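> sequence first, then the predicted structure, then my questions.
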Amino acid sequence: MFGIGTPELLVILLVALIVLGPKRLPGVARAIGRGMRELRRAMHSFEDFVDEQPSEPRSDPSANPSVPPLENDEPSAEAKEDEAADKGKP
């Protein structure tokens with residue numbers, strides 16, 4: 001648990017009890033617990049999202065018509081045809 005041993009944990013709890021007092025300490029502990037639970041849920045949700053993504057290798061950008069070619073790349077024949085067809089439209 002973060003490299004904290006039992007003696008260190010007892011000192012931290014004692015200081016928290018002195019600083020916060022016996023009335024506020026349970027509420028603060030509950031709030032920290034809720035925050036940790038939400039963080040854990042968010043991490044699991046993110047891990048699930050990443051695991052669901054396909055692990056296919058990236059394709060050549062010129063093979064994907066939705067990705068425009070880079071400036072110094074030659075446009076494909078299909079892109080040239082589309083460009084020519086677009087010029088003919090009013």
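That came through, no problem. Residues are numbered from 1 along each chain as shown.

> so where is the protein shaky, pLDDT-wise?
1-2, 55-80, 82-90 (pLDDT under 70).

> quick one, helices of it?
For the chain, the helices defined by DSSP state H occupy 6-52, 77-88.

> what would those look like in CSV with mean neighbour count?
Where C-beta positions appear, they are placed from N, C-alpha and C, glycine not excepted. Putting these into CSV (neighbours: other CB atoms under 10 Å) gives the following:
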stretch, mean neighbour count
helix 6-52, 10
helix 77-88, 10
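
> apart from its neighbours in sequence, what residue is nearest Leu20?
Val28 (5.8 Å; CB to CB, 6 or more residues apart in numbering).

> Asp48: what's it in contact with?
With contact set as CB atoms under 8 Å, 6 or more residues apart in numbering, Asp48 has no partners.

> look up how far Arg30 lies from it.
27 Å (CB to CB, to the nearest Å).

> same thing with His44?
21 Å.

> swap in Val15?
19 Å.

> likewise Val11?
Taking CB to CB, one finds Val11 at 22 Å from Arg30.

> distance check, Leu13 against Phe49.
Applying CB to CB to Leu13 and Phe49 gives a distance of 36 Å.

> Gly33 now?
Taking CB to CB, one finds Gly33 at 25 Å from Phe49.

> quick revisit: my read: the residue nearest to Leu20 touches Val19, true?
No. Under the criterion of CB atoms under 8 Å, Val28 is not in contact with Val19, lying 9.8 Å apart.
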